[in-house]
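# just a sequence and a predicted model for now, questions to come.
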Amino acid sequence: MQFHTPFTQRYDVPIPIIQAPMAGGITTPKLVGTVSKLGALGSIGGGYLPPRQLKKVIRKSRRRARKKPFQVNLFIPEYPQVSLERMQHVHHILHPFREELGLSEGDLPTEFAPNFEEQMEVVLKEKVPFFSFTFGALHPEWVHLLHEAGTVITGTATTVKEAKCLSELGVDMICLQGKEAGGHRATFLNRPEDGLLPLEELLASTLGNVEQPLIAAGGIMNGTDVLYYLRQGACAAQMGTAFLTTTESGAKYKRNLLTEKQTTLTRAFSGRLGRALVNAFTRWGEEHPFEIIDYPIQNALTQTIRKAAGKQYRSEFLSMWAGEKVEACRDITARELLESILQDIYDLVKEP
Ligand SMILES: Cc1cc2nc3c(=O)[nH]c(=O)nc-3n(C[C@H](O)[C@H](O)[C@H](O)COP(=O)(O)O)c2cc1C
């Protein structure tokens with residue numbers, strides 16, 4: 001089957017599907033490589049990876065992709081100013097979680113996120129074919145350098161205003177993240193609650209306002225959904241939640257994804273709004289809305305808890321990022337998922 005969208009026509013990616021970047025060990029080289037090798041675009045969620053590890057993951061993914069293009073995604077850094085007392089207070093009120101997991105109170109973290117400039121140096125040196133970013137706008141100098149290296153750049157928007165800002169920056173494509181999406185909200189110019197448009201509405205209101213091709217993300221789970229958004233004017237569909245339960249994904253909470261249905265928007269895990277499965281931690285967030293500190297500080301404060309919860313498989317304390325359509329998740333391989341999407345589309349387009 002042949003697709004003709006600005007995405008498939010401009011780039012060496014015949015299938016207009018992007019396996020979403022998903023930071024936190026989910027987008028393994030095996031997942032990224034398999035997706036790219038099959039003709040869609042695999043993406044590395046590199047946001048939390050220190051530069052040396054990022055380089056390793058890029059090289060492993062590139063090897064598995066067998067010369068097909070792949071993408072790297074990073075987080076635009078944020079630097080909230082927070083007093084030591086406030087951090088100590090939140091560190092302390094999180095202690096009951098540590099106790100449940102047999103952890104001591106420990107010291108406050110001193111590092112909050114990997115060094116962004118060093119991550120970007122790796123991306124540049126490795127000459128990655130596609131680069132995307134979220135949580136903000138990339139500095140124009142990086143846009144220039146990436147373009148010089150031949151990298152295709154995508155920025156992420158949740159409002160028309162953000163899409164226009166990214167458009168003026170000169171990115172090549174804009175990924176629109178509808179409110180249905182799993183994981184962190186990309187919102188950076190507006191208040192988080194203003195960045196919660198359903199994907200259909202966001203796409204319709206952005207089309208015609210920017211010249212760049214638009215990628216649709218949020219709640220896309222099968223071929224019917226992919227075809228729908230392509231027909232609405234998107235150049236490609238970015239899918240996260242559907243890939244979470246594939247065999248190749250590194251998600252620690254596949255069992256929950258396959259059995260639970262209820263998602264919520266929460267700042268409890270990281271300080272940034274995101275969509276996750278409901279659990280004890282998201283309920284704690286609802287009870288302590290004013291205690292939570294902005295990203296990335298809250299993220300660093302909850303890190304030891306989430307790590308231990310992963311090891312002990314205590315899903316009540318894990319950040320189980322997932323989109324609204326989680327009930328459509330299936331226990332299959334990435335190849336089976338892509339083949340079933342293509343089959344759906346084939347059946348739909350051949351219908352009289
Ligand atoms: C577990 C998880 C982690 C995510 N991590 C990232 C990330 O690191 N960078 C990014 O740009 N988007 C990230 N996202 C958001 C996706 O790019 C995309 O917007 C979303 O998955 C689309 O909605 P869907 O999950 O309903 O398919 C993540 C999503 C999930 C589910």
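Happy to help now that I have it. Numbering: from 1, shown residues only.
# for the closest residue to the ligand within the stretch 101-250 of the chain, phi and psi?
The nearest approach of the stretch 101-250 of the chain to the ligand comes at Gly240, 2.0 Å away (C-beta to the nearest ligand atom). From N, CA and C alone the C-beta is placed, and that goes for glycine too. Main-chain torsions, Gly240, degrees, to the nearest 10: phi -110, psi -70.
# that one - nearest residue in space that isn't next to it in sequence?
In space, Gly240 comes closest to Ala20 once its chain neighbours are excluded; the distance is 3.4 Å by C-beta to C-beta, 6 or more residues apart in numbering.
# do you know the pLDDT at that neighbour?
Predicted confidence (pLDDT) for Ala20: 98.
# ok, it - how many residues close by?
Burial of Ala20 is recorded as 31 neighbouring residues (other C-beta atoms under 10 Å).
# repeat for Lys67
The number of residues packed near Lys67 is 9, by other C-beta under 10 Å.
# ok, Gly208 next?
Gly208 has 8 neighbours, counted by other C-beta under 10 Å.
# Val57 belongs to a helix?
Yes - counting by DSSP: H, G, I helix; E, B strand; the rest coil, Val57 is found in a helix.
# how near is it to Glu99?
Val57 sits 34 Å away from Glu99, taking C-beta to C-beta, to the nearest Å as the criterion.
# so the residue of the stretch 101-250 of the chain closest to the ligand sits right up against Met22, yeah?
Yes - with contact taken as C-beta atoms under 8 Å, Gly240 and Met22 are classed as touching, separated by 5.6 Å.
# residues contacting the residue of the stretch 101-250 of the chain closest to the ligand?
Counting by C-beta atoms under 8 Å, 6 or more residues apart in numbering, Gly240 makes contact with 19-20, 22, 181-183, 217, 323.
# let's see it at 10 Å
When contacts are counted by C-beta atoms under 10 Å, 6 or more residues apart in numbering, Gly240 is found next to 18-22, 26-27, 43, 45, 177, 181-183, 217-220, 249, 275, 321-323.
# circling back: of Val57 and Glu99, which one has the most company?
Neighbours per residue, other C-beta under 10 Å: of Val57 and Glu99, the larger number sits with Val57, 21 against 10.
# can you pull the contacts of that one?
By C-beta under 10 Å, 6+ apart, the residues touching Val57 are 25, 27-29, 32, 44-46, 49, 72, 122.
# can you tell me which of these are buried?
Buried by 16 or more other C-beta atoms under 10 Å: 27-29, 32, 44-46, 49, 72, 122, out of the contacts of Val57.
# need the helices for the stretch 1-150 of the chain, in chain order.
When assigned using DSSP state H, counting those that start in this stretch, the helices of the stretch 1-150 of the chain occupy the ranges 6-10, 29-37, 51-65, 84-93, 95-100, 116-125, 140-148.
# what about stretch 153-169, average pLDDT?
In this model, stretch 153-169 has a mean pLDDT of 98.
# what's the end-to-end length of that stretch?
With C-alpha to C-alpha, to the nearest Å as the measure, stretch 153-169 spans 11 Å from end to end.
# with stretch 221-235 instead?
Counting by C-alpha to C-alpha, you get 17 Å between the two ends of stretch 221-235.
# then stretch 32-44?
When the termini of stretch 32-44 are compared using C-alpha to C-alpha, they are 7 Å apart.
# same deal with stretch 125-141?
By C-alpha to C-alpha, one end of stretch 125-141 lies 15 Å from the other end.
# distance between that stretch and the chain's centre?
Put simply, stretch 125-141 sits 14 Å off its chain's centre (C-alpha atoms, centre = their mean, to the nearest Å).
# now do the helices in the stretch 251-352 of the chain.
Using DSSP H, counting those that start in this stretch, the helices of the stretch 251-352 of the chain run over residues 254-259, 280-287, 297-312, 334-350.
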